[in-house]
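Visitor: Below: sequence and its predicted model.
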Amino acid sequence: MDTRFLFHNVRRAARLVLLIILAGLLAFQPLTLVLAADGDLDTSFDSDGKVTTNFGGSDAAYAVAVQPDGKIVVGGYPHNGSNYDFGVARYNSNGSLDTTFHSDGIVTTPIGSGNDLGYGIAIQSDGKIVVAGLSHNGSNYDFAVVRYNTDGTLDTTFHSDGIVTTPIGSGDDGGCGIAIQSDGKIVVAGYSYWTLDKSQVEQGSDLHFNRIGGIIEVWTFKRPHPNSSSFARNSMRRSISGVMR
């Protein structure tokens, strides 16, 4: 199941309300807007308050963070001609691409054999950039985290190659939100899906918390309609938050 559009509407609406700097979709290219204090577009940012960046295909931006020096970092997934990869663009405070970041201000990172979709971004205290999302392993999606150095190169001190993927359940797993703890540990929240048979959920609704290693599981049991003999794939939904470093 391709889940790349699963959180599109909710996440996009939330950012329109909560963020001054917005990352979104415009003509399938990443769009960054900067608003002045009165809500008008800030014309000191790329002369008209907005900038689009073409990675070369149908590109989408889903997450944004602002560095202490005012540079703006946007994460998402550009298309490479065959599928999607993680993508990051960094802008100077005036809206121009920061050429000290990967020489041209943008970087793409393939992870698995299919679509790799970046949904969350965070800046560590040392300036390193961490992007979380999901990567297709050939059968389904897993949690994926990529860490970049301040110059846009992959941080090889993170899982030896800068990339880590984590399967959670037997189906699609995806990271959507990311935060950095004060001790530097990376926390990723997302979802996991798998199938249960009728006998496992017919007792009704319940909520169960479990902790296994660095993963906290929240299991929600959902009773099906009493007149229905079929159990959909999502009769049981598990949301996951985990610590991966």
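Guide: Noted; the coordinates are in hand.

Visitor: Pairing partners for the helix or strand that contains residue 130, with directions?
Guide: Per DSSP states H and E: residue 130 is located in strand 129-136. Taking DSSP bridges as the criterion, strand 129-136 pairs within the sheet with strand 116-123 (antiparallel), strand 141-148 (antiparallel).

Visitor: Ramachandran angles for residue 59?
Guide: Here is the backbone geometry of residue 59 (degrees, to the nearest 10): phi -110, psi 140.

Visitor: Also residue 192?
Guide: In terms of degrees, to the nearest 10, the main-chain angles of residue 192 are phi -150, psi 140.

Visitor: so what pLDDT did it get?
Guide: The model reports residue 192 with a pLDDT of 85.

Visitor: That one: neighbouring residues, count only.
Guide: Neighbourhood size, residue 192 [other CB atoms under 10 Å]: 22. Every residue, glycine included, has its C-beta placed from N, CA and C.

Visitor: do residue 87 as well
Guide: 27.

Visitor: so what's it closest to, chain neighbours aside?
Guide: residue 78 (4.1 Å; CB to CB, 6 or more residues apart in numbering).

Visitor: So for residue 88, which of the strands paired with strand 129-136 sits nearest?
Guide: Residue 88 lies closest, by CB to CB, to one member of the strands paired with strand 129-136: strand 141-148, at 6.5 Å.

Visitor: Could I have the CA atoms of the closest one written out in PDB?
Guide: This file holds the C-alpha atoms of strand 141-148, laid out as PDB (Å, rounded to 0.1, in the frame of the first residue of the first chain):
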ATOM      1  CA  TYR A 141       7.300   0.600   4.000                       C
ATOM      2  CA  ASP A 142       9.600   0.900   7.100                       C
ATOM      3  CA  PHE A 143      10.500   3.800   9.300                       C
ATOM      4  CA  ALA A 144      13.400   5.700   7.900                       C
ATOM      5  CA  VAL A 145      15.800   8.300   9.400                       C
ATOM      6  CA  VAL A 146      18.600  10.200   7.600                       C
ATOM      7  CA  ARG A 147      21.100  12.600   9.300                       C
ATOM      8  CA  TYR A 148      23.100  15.200   7.400                       C
END
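
Visitor: Could I get the buried residue list for that strand?
Guide: Judged by neighbour count using 16 or more other CB atoms under 10 Å, the buried positions of strand 141-148 are 141, 142, 143, 144, 145, 146, 147, 148.
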